[in-house]
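**Student:** Mind looking at a prediction? Sequence and model below.
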Amino acid sequence: MSASIVVEDLVKTFRIKHVRSLKEIAARAVRGASERPNAFTALDDVTLSIEEGETVALLGFNGSGKSTLLKCISGVLTPDEGRIGLRGSVAGLIEVGAGFHPDLTGRENVYLNGAILGMSEAAIDAAFDSIVDFSEIPDFIDTEVKFYSSGMFLRLAFAVAVHTDPDIFLVDEILAVGDEPFQRKCIDRIKELRDEHKTLVIVSHDLNMVADLCTRGILLEHGRVVMDDEPHAVVRRMRGEE
Ligand SMILES: Nc1ncnc2c1ncn2[C@@H]1O[C@H](COP(=O)(O)OP(=O)(O)OP(=O)(O)O)[C@@H](O)[C@H]1O
């Protein structure tokens, strides 16, 4: 086996903007109050290596840095320090509909999003019917996506992403907005990708589902990796059961 994703000494810091009214600013100036720190470390020296074909659950409570890590791996965010090495093509379903333009139709967005994810026009032509089939929204494919519900957005975004045939697939909270039948379909597709030996990194708060789906669990706390083990063991630790 060879490494598919290598992350070394990754640090990501965000600047925090404090929004205050003029009255507050004046009151603080009179009191001589000191400023709160305006930098926040979302990823604090993260090092990990994921082998080709592994299915990894990235776990942690709200704000622990999961999405930030996925965004750094996918290239949406640039880390402040550290290195990321990837072997193969990457598709991310991280911010649903991020690559979608609200004034374009579903059809136009399939082409736009497919191109962003590295598909040629011919490849999108060939996959188009299957993408629309998967999304199950054929009646809305020529409607501007600003009129879509959040679930319809997700359906089309997921359908495009799984048709790009990536080597590495990063998935953040796919189940948040899809209805139950579509969730089941997404999970089935993810299982197929797993069985095709793709490398998968999945973020979800549905702990039982990801623990069953994945072969490895990585737990983040305050931007640091604190456990890297069999996923059910990681879930038990999160629940305070061990
Ligand atoms: N663009 C940003 N600007 C400032 N702070 C940010 C930004 N993005 C994330 N953060 C902060 O970084 C921390 C980690 O956020 P992140 O979204 O990675 O957490 P998460 O583990 O995915 O959480 P959740 O389970 O709630 O989705 C949070 O405290 C968040 O407020």
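**Tutor:** Nice, I can see it. Keep in mind that what you see is a predicted model, and the values were worked out from it rather than measured. Numbers count the residues shown, from 1 in each chain.
**Student:** pLDDT at G223, what is it?
**Tutor:** Per-residue pLDDT puts G223 at 96.
**Student:** The ligand contacts on the chain?
**Tutor:** Neighbours of the ligand within the chain, by Cβ under 6 Å from any ligand atom: F14, F40, A42, G60, N62, G63, S64, G65, K66, S67, T68. Every residue, glycine included, has its C-beta placed from N, CA and C.
**Student:** so which of the residues you listed is the most crowded?
**Tutor:** Neighbour counts for these (other Cβ atoms under 10 Å) peak at K66, which has 27 neighbours.
**Student:** and A159, helix, strand or coil?
**Tutor:** Classification of A159 using DSSP: H, G, I helix; E, B strand; the rest coil returns helix.
**Student:** show me the contacts for it.
**Tutor:** I131, V132, F134, S135 (Cβ atoms under 8 Å, 6 or more residues apart in numbering).
**Student:** now with 10 Å?
**Tutor:** Applying Cβ atoms under 10 Å, 6 or more residues apart in numbering to A159 gives the contacts 106, 110, 113, 127, 130-137, 185-186, 189.
**Student:** Quick one: the helices in the protein, in order.
**Tutor:** Ranges of helices in the chain, per DSSP state H, are 22-31, 66-74, 106-116, 121-135, 150-163, 180-195, 207-213, 231-238.
**Student:** could those helices be laid out in CSV, adding mean pLDDT and distance to E144?
**Tutor:** Listed next are the helices of the chain as CSV, based on pLDDT from 0 to 100; distance: least, Cβ to Cβ, whole Å:
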stretch, mean pLDDT, distance to E144
helix 22-31, 79, 40
helix 66-74, 93, 26
helix 106-116, 91, 8
helix 121-135, 95, 16
helix 150-163, 86, 12
helix 180-195, 88, 21
helix 207-213, 92, 33
helix 231-238, 95, 40
